[in-house]
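Chemist: sequence below, structure please.
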Amino acid sequence: MNKLTFILPYYGYVRSCFLALCLLPSASYVHAAQDLKNLTLERRMAEQGDALAQNNLGAIYANGDGVAQDYQQALAWYHKAAEQGYAAAQFNLGNSYYNGEGVTRDAKQAAAWFRKAAEQGYPPAQYNLGNGYYRGDGVTQDYQQALTWYRKAAEQGYAAAQYNLGNSYYNGEGVPQDDKQALDWFRKAGEQGHAAAQYNLGVFYEKGKGVAQSYQQAMAWYYQAAEQGDAEAQYNLGVIYDNGKGVAQDPEQALAWYRKAAGQGYAAAQYNLGFIYAQGEGVAQDYQQGLAWYRKAAEQGYAEAQFALGNSYYNGEGITQDYQQALTWYRKAAEQGHAAAQNNLGVTYARGEGVAQDYQQAYVWVSVAVANGYSSATDARDLIASKLSQSQLAAAQKLAGQYSEKYQPRL
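Modeler: A predicted model of the protein is given here:
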């Protein structure tokens, strides 16, 4: 049975807008609750119509600082301040409507209040309004409007908006695609410590997008994001140390960074840890450790790990040999377009290992593997074809064509 397990390379894509972003939480009140000398005085000022105090009191109730958390009370006080034109309260009121805190969730009302604050130049509201336009949430989707509001917030130094503006330029959403503009905005956000922007800067330098390629610069930006707990950056640092690109090869550092990312549930890192332990690369060979990490990634739907786990069961590495389990995991990977798993699934049908021997199913899966680029399976496909009658072969070829459309490799 052929094996094709290997250390995976960089995740060389730029993280898309909103992948790790959500609408911002309520703006905190101007004075932290513990610093308020007299909550009663704050309430008295709010009741006298002081908008700042009303907003502060709303935030106190929303956060449950020194009082029982009460979103309805928070909403009431935000309303009073917002109706006086107080931008922070308008923003907080928008979040209350968006999140359904103290009121039925209403994205249109949220957008209306975000707009009031945004038009006063309040950056968090401009950013949230941009998100609304980007997603079509509470307003009609409009990338150009999203870009407009992101830019307003970004030009005031708002890092999350700078990051999303960078993504708009990278993806050509609402503006012509422009790697250099994307790089500039990612850099502005990254220099303020925005981890996702730092990760994207790493990708830009690693791939030479809009800038001269530099593994050292890529590593520097990945490191800043990784230190903030960004799992993809931790994974990419592991790959850099594993391959020795821009830095001396260091299996121990690679293992350490993979472990950090894997500990956060990052499937590619879990797979690579599994490979390292299974192969004994820089560590004592340990099939059981390898199997454990493969399983973690495979159970997240990670095709390469599913294939590796199938191989572990097939060969009895770290676990009792079990052809049925091998077949199960090969199938999971094969249905995600993994060509080597498709080949192995076909071979198990041909040999009748873990399943009743079935040359038609064998032909189907091996043919799909060939169609997906696994050219070394051509001889096996032709050998299996010789076991079939003309009618059986015609039926298998028809099904193989359907499967080839359905089970293509995932990018």
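
Chemist: distance check, Gln48 against Leu41.
Modeler: To Leu41, Gln48 is 11 Å away according to CB to CB, to the nearest Å. Just so you know, the C-beta spots here come from the backbone N, C-alpha and C atoms, and that holds for glycine as well.

Chemist: please disregard the earlier target; I meant Ala87.
Modeler: 24 Å.

Chemist: and those two? Which one has more around it.
Modeler: Counted by other CB atoms under 10 Å, Ala87 and Leu41 do not tie: Ala87 has more neighbours, with 22 against 11.

Chemist: so what's the more buried one scoring on pLDDT?
Modeler: For Ala87, the model assigns a pLDDT of 97.

Chemist: got the contact list for it?
Modeler: By CB atoms under 8 Å, 6 or more residues apart in numbering, the contact set of Ala87 is Lys116, Ala117, Gln120, Gly121, Tyr122, Ala125.

Chemist: now the lengthiest helix in the chain: buried residues?
Modeler: As assigned by DSSP state H, the longest helix anywhere in the chain is helix 390-406. Residues of helix 390-406 classed as buried by neighbour count (16 or more other CB atoms under 10 Å): Leu393, Ala396, Leu399, Ala400, Tyr403, Ser404.

Chemist: with stretch 231-251 instead?
Modeler: Those would be 231-242, 246, for stretch 231-251 by 16+ other CB under 10 Å.

Chemist: repeat for stretch 368-375
Modeler: Applying 16+ other CB under 10 Å to stretch 368-375 flags Val368, Ala369, Val370, Ala371, Asn372, Tyr374 as buried.

Chemist: may I see the buried residues of the worst-scoring helix or strand of the chain on mean pLDDT?
Modeler: Ranked by mean pLDDT, DSSP states H and E, the weakest helix or strand in the chain is helix 39-47, scoring a mean of 87. Neighbour-count burial for helix 39-47, counted by 16+ other CB under 10 Å, picks out Glu42, Arg43, Met45, Ala46.

Chemist: got those as CSV, with distance to Lys108 columns?
Modeler: Output for the buried residues of helix 39-47, formatted as CSV (distance: CB to CB, whole Å):
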residue, distance to Lys108
Glu42, 32
Arg43, 31
Met45, 32
Ala46, 28
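
Chemist: show me the two of those that sit farthest apart.
Modeler: Arg43 and Met45 (7.3 Å; CB to CB).

Chemist: if I look at these two, which residues touch both of them?
Modeler: Joint contacts of Arg43 and Met45 (CB under 8 Å, 6+ apart) are Ala53.

Chemist: on that earlier part again, for the longest helix of the chain, give the mean pLDDT please.
Modeler: 96.
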